[in-house]
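Enquirer: Below are the sequence and a predicted model; questions follow.
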Amino acid sequence: MSDAITFTQAQAQAQAQAQYSDVVAQQQTEKKATIDAIISIFVGPLTKNDPSMQVIKEIDLSTIIYEIFRKTGLHICPTILLMTFLTVFTKGKQLTDQLHIKQFYNNITTIVFDGINLSTKLRLSLVVDIIKIFPNCENVELQENNLFLIDMGTFILELQNTKIKNFSYCRNNIYHTYESEIDKVNMKNIITNLVLNLPCLVDLEISGTNGDQDFITQLCEIMNSRNSNSSNASKIENLTISNIDIDNDVFEDLIPHFYYNRYLKVLRFHDWVFDGFNLDNNTSIINSIINLINTNCDIQRFTLCVHEEDIDGEDDIFAVSKESIENFTSALETNHALLDIDTIFPILDKEIVPYMHTNLHRFWVPRNHTLFTNKFHKILMTFLLLNFVRKGSTIPLLPISVYYNIFGFFTRESQKTFE
């Protein structure tokens, strides 16, 4: 009997050892495939000083995973991918004597982690280390990573010494389930570090699933918890909040949080799920938007769209009263900052068009803005006239350098308006 037990134990040990060996072999295969893919996509062309490498601004880790799968059929473990990527590019950064390699690192401004499972602390730590490899990384996109924002306190804290301007956290979770009081305290610290203590952050896109209403209320309160004139106030200019379940009365209570934020230029509510639409509820939503555009004259773009499940095909689901239309157009008549506004009410969006058209053109009348003086306006008009080639004329176009000298200082919003 003892011999049989000993033999069974030996079999189990041998089987376990074989399984372990298979796992190690699989990891080695995945690691080699990952290294080969990174060499093929980045390292090879970079060491050969391929000019195409100097125009790369974005690194998409999901693209690398796709390339590995396309070439080998392997589904790479995210930990192996992140560790290999970090190791390869950490070594490459040590080649400071080669200017084209140094320039490559400096050129990267965007890193995308879409569709990669980052649910462990190790993987999140690797993400931070990868971001820090590239000194000018400004845009970080996390989407469908099986993440919970409540677990990302350390991650957010470690981003404070980076140059991140745009942070996208989409199709991930906020809380594991419904939030507890302890979770609320922890989330307050996380949001504070995100919206107030990332010194360069100006563009935030965030979506949630659990505890949406409490989370968005907390986010709004923290964004405006410090004096707007303070140097440590939220500097977020573009805010997108997606996939929120919300009651109409809560929406009405949320909007005032955006009244006095002078930095906010773009406010987007994407795929919100309201508790129901009817004439009364629609009037409440419209009144909230009217109060916003009447109070905050810094917002240039506003979007409110709802989730598809809220659109049931009924013609009158987004019915709007005549009084609401009149109040809305009256608010637009006195607001000259808005350049674009989209609501969930088709009849309102139709009424909006002429006011937005007026605002776009008003911007370019010299007396209505401070971007340039009347004297500069004459220079601008002269430039446009000289740069206009009439049919059959041999007058040359002005050099592109002159164009840049004249228009180079305009902001993106100004350029968008001019177009």
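Expert: It's in.
Enquirer: any idea where the helices of the stretch 1-150 of the chain begin and end?
Expert: Counting by DSSP state H, counting those that start in this stretch, the stretch 1-150 of the chain has helices at residues 2-38, 44-47, 61-72, 78-92, 99-107, 121-133.
Enquirer: Correction: the previous question concerned the stretch 251-400 of the chain.
Expert: Under DSSP H, counting those that start in this stretch, the stretch 251-400 of the chain gives helices at 279-295, 322-333, 346-362, 374-386, 400-407.
Enquirer: remind me which residues of the stretch 51-200 of the chain are low pLDDT?
Expert: Within the stretch 51-200 of the chain, no stretch has pLDDT under 70.
Enquirer: Apply 90 and report the result again.
Expert: 51-55, 62-77, 91-101, 161, 171, 173-185, 196-197, 199 (pLDDT under 90).
Enquirer: Could you do the stretch 301-419 of the chain as well?
Expert: Those would be 306-317, 334-339, 356-419, if you go by pLDDT under 90 across the stretch 301-419 of the chain.
Enquirer: before we move on, back to that, do you know which of the helices of the stretch 1-150 of the chain lies nearest residue 273?
Expert: helix 61-72 (27.4 Å; Cβ to Cβ). All C-beta spots, glycine's among them, are computed from the backbone N, C-alpha and C.
Enquirer: Pull the residues that contact that closest one.
Expert: 33-34, 36-38, 40-41, 74-76, 81-82, 85, 111-116 (Cβ atoms under 8 Å, 6 or more residues apart in numbering).
Enquirer: For that helix, buried residues please.
Expert: 61, 62, 64, 65, 67, 68, 72 (16 or more other Cβ atoms under 10 Å).
Enquirer: mind putting those in CSV, distance to residue 234 included?
Expert: Compiled in CSV, those are given as follows (distance: Cβ to Cβ, whole Å):
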residue, distance to residue 234
61, 29
62, 30
64, 34
65, 35
67, 39
68, 40
72, 45
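Enquirer: from those residues, which is closest to residue 329?
Expert: Looking across the buried residues of helix 61-72 and measuring by Cβ to Cβ, the closest to residue 329 is residue 62, at 45.0 Å.
Enquirer: Report the separation between the closest one and residue 127.
Expert: 13 Å (Cβ to Cβ, to the nearest Å).
Enquirer: Buried deepest among the helices of the stretch 251-400 of the chain, which one?
Expert: Mean neighbour count (mean count of other Cβ atoms under 10 Å) peaks for helix 279-295 among those, with a mean of 17.
Enquirer: helices and strands around that one, which ones?
Expert: helix 248-254, strand 301-306, helix 322-333 (3 or more Cβ pairs under 8 Å, 6 or more residues apart in numbering; DSSP states H and E).
Enquirer: still on that earlier bit, so can I have a markdown table of the helices of the stretch 251-400 of the chain showing distance to residue 46?
Expert: Below are the helices of the stretch 251-400 of the chain laid out as a markdown table (distance: least, Cβ to Cβ, whole Å):
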| stretch | distance to residue 46 |
| --- | --- |
| helix 279-295 | 48 |
| helix 322-333 | 52 |
| helix 346-362 | 44 |
| helix 374-386 | 41 |
| helix 400-407 | 29 |
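Enquirer: For residue 302, which of those is the nearest?
Expert: Judging the helices of the stretch 251-400 of the chain by Cβ to Cβ, what sits closest to residue 302 is helix 279-295, at 7.1 Å.
Enquirer: Which among the helices of the stretch 251-400 of the chain is found nearest to residue 254?
Expert: helix 279-295 (8.1 Å).
Enquirer: So for the closest one, mean pLDDT?
Expert: Across helix 279-295, the average pLDDT comes to 93.
Enquirer: and the angle for that helix with helix 346-362?
Expert: Angle, helix 279-295 to helix 346-362, by axes from the mean of the first three to the mean of the last three Cα atoms, to 10 degrees: 10 degrees.
Enquirer: Residues in contact with helix 279-295: which ones?
Expert: With Cβ under 8 Å, 6+ apart, helix 279-295 has contacts from 248-249, 251-252, 255-256, 258-260, 274-275, 299, 302, 304, 318-321, 323-324, 327-328, 331-332, 334-335, 338, 341, 343-345, 348.
Enquirer: which of the residues you listed count as buried?
Expert: For the contacts of helix 279-295, buried by 16+ other Cβ under 10 Å: 248, 251, 255, 258, 274, 299, 302, 304, 318, 320, 324, 327-328, 331-332, 335, 338, 341, 343-345, 348.
Enquirer: Strands of the stretch 151-300 of the chain, start to end?
Expert: Ranges of strands in the stretch 151-300 of the chain, per DSSP state E, counting those that start in this stretch, are 166-170, 203-207, 238-242, 245-246, 266-274.
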